[in-house]
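J.: okay, here's the prediction I keep looking at, along with the sequence it came from:
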Amino acid sequence: MKTYLVGGAVRDSLLGEPVTERDWVVVGSTPETLLKLGYEQVGKDFPVFLHPQTHEEYALARTERKTGKGYSGFECHASPDVTLIEDLKRRDLTINAIAKAENGALIDPFNGQKDLDNGLLRHVSPAFQEDPVRILRIARFAARFAHRGFKVAHDTHALMKKMVTNGEVDALVPERVWKECERALKLPNPERFFEVLYRCGALSRIFPELAGLFPETVASSHDKQNQVSTEIAALERLKVATALYPEAEKCGLIRFAALLQPLSENVLKQLLKRMKIPNEYAELSCLIIVHYPACCQYPVNTASDLLSLLQNLDAFRRPQRFALFLDICCAILGEMNPDCVQQLQQAQALASQVEAKQFVAQGLRGGEIKQALFAARQEVLKNLL
């Protein structure tokens with residue numbers, strides 16, 4: 001039995017990147033042997049075990065055979081006679097198909113180190129096209145390593161386009177797409193994720209609602225210019241959001257809502273429902289679509305309009321969400337009109353000082369409290385305006 005460090009841990013250490021988790025492959029062993037050694041089996045479909053001390057994942061060397069469409073249509077074969085090279089060959093990219101032996105020697109049968117040096121994301125074998133999730137993964141790796149200048153290899157790009165044409169990408173389920181999308185949104189260059197999907201044609205199949213932001217066809221030179229301009233606008237909006245909030249706790253929320261801002265409310269709701277987007281992302285995106293136009297008007301004409309806007313945004317009961325909403329507005333606006341955001345911040349802070357409990361103390365009840373609260377807050381905002 002021999003064990004090898006594989007995948008991202010080897011890749012990241014060669015790049016000088018932090019290694020956050022380590023995965024191992026075991027050659028020449030069986031599930032029974034590992035169980036006797038104290039390993040805990042966790043994989044039902046694949047022979048994956050947890051080390052008894054480190055709790056790191058150890059997988060038996062295996063091969064895979066395509067049995068149907070989609071990323072779940074595989075038959076796995078693991079046995080002591082499966083070699084390390086056979087196991088590495090089933091992996092997605094050459095940079096992820098490098099192994100490190102216990103003595104520190106590198107096993108690199110597919111020239112992954114060369115592709116690391118050249119900044120290339122290249123598939124290991126034609127089997128790449130059997131798993132549509134790999135299109136999402138390669139787009140995410142392009143976003144993760146964009147600062148290093150990594151590009152998708154030409155032959156890999158051609159294979160991705162073929163997967164789209166053959167309909168393999170249509171087998172992706174919403175939960176898997178969103179998982180990769182959410183991870184990409186939190187990276188330093190999330191725009192590369194969407195750009196790679198757009199270039200291979202997968203974006204219109206995975207996110208058809210974004211077709212207006214990344215148009216697929218051109219009929220004339222004039223239309224071509226419009227296409228380029230629209231595409232750049234979508235990517236630039238995402239870049240601005242990323243630059244303004246590079247390490248924000250909710251940076252993924254901010255970037256997602258900023259990207260989708262041009263969509264209509266109906267189209268947005270269609271996307272949110274179809275992709276089963278988490279509530280936090282869905283709420284903020286809907287708020288932006290509905291209320292962003294009003295927030296761009298500076299100054300707001302009347303105290304009543306300003307207070308109504310704050311109430312529609314639920315700014316008094318949910319101040320943290322309101323703050324995120326303003327962050328998204330800033331990300332969309334860039335440096336064009338920060339005064340409107342500042343006015344809303346000041347208005348919410350001032351009006352929040354007027355609380356319902358003071359009217360309860362006066363003996364008011366029910367609707368009387370609501371009317372008195374609105375009137376008092378309105379007076380405060382008149383002074384601000």
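T.: Sure, I can see it. Model, not experiment: these values are computed from the prediction.
J.: neighbours of residue 177, how many?
T.: 21 (other CB atoms under 10 Å). For glycine as for every other residue, the C-beta is placed from the backbone atoms N, C-alpha and C.
J.: ok, it - contacts?
T.: Neighbour list for residue 177: 136, 206, 275 [criterion: CB atoms under 8 Å, 6 or more residues apart in numbering].
J.: in helices only, show me those.
T.: Of these, the ones assigned to helices by DSSP state H are 136, 206, 275.
J.: the second one contacts residue 198, doesn't it?
T.: Looking back up the chat, that one is residue 206. No - using CB atoms under 8 Å, residue 206 makes no contact with residue 198, being 10.2 Å away.
J.: residues contacting the host helix or strand of residue 198, please?
T.: Assessed by DSSP states H and E, residue 198 sits inside helix 191-200. The contact list for helix 191-200 (CB under 8 Å, 6+ apart) reads 135-136, 138-140, 142-143, 146, 152, 157, 160-161, 163-164, 180-181, 184-185, 187, 203, 206-207, 210, 214, 231, 234-235, 238-239, 242, 259.
J.: out of those residues, which end up buried?
T.: 135-136, 138-140, 142-143, 146, 152, 157, 160, 163-164, 180-181, 184-185, 187, 203, 206-207, 210, 214, 231, 234-235, 238-239, 242, 259 (16 or more other CB atoms under 10 Å).
J.: out of the residues you listed, list just those in helices.
T.: Per DSSP H, the subset of the buried ones among the contacts of helix 191-200 in helices is 135-136, 138-140, 142-143, 157, 160, 163-164, 180-181, 184-185, 203, 206, 231, 234-235, 238-239, 242, 259.
J.: and the residue nearest to residue 4 when sequence neighbours are not counted, backbone torsions?
T.: Take residue 4 and drop its neighbours on the chain: the residue closest to it by CB to CB, 6 or more residues apart in numbering is residue 99, 4.1 Å away. Recorded main-chain torsions at residue 99 are phi -120, psi 160, according to degrees, to the nearest 10.
J.: quick one: the residue lying closest to residue 206 once chain neighbours are set aside and residue 166, what's the gap?
T.: Nearest-residue entry for residue 206: residue 177, 5.6 Å, with adjacent residues in sequence omitted and distances by CB to CB, 6+ apart. Residue 177 sits 18 Å away from residue 166, going by CB to CB, to the nearest Å.
J.: now residue 124
T.: Noted for residue 124: a distance of 19 Å to residue 166, by CB to CB.
J.: what's the answer for residue 197, then?
T.: Residue 197 sits 16 Å away from residue 166, going by CB to CB.
J.: who has more neighbours, those two?
T.: More neighbours surround residue 197 than the other of residue 197 and residue 166, with 30 against 12 (other CB under 10 Å).
J.: ok, the more buried one to residue 385 distance?
T.: Distance from residue 197 to residue 385, by CB to CB: 45 Å.
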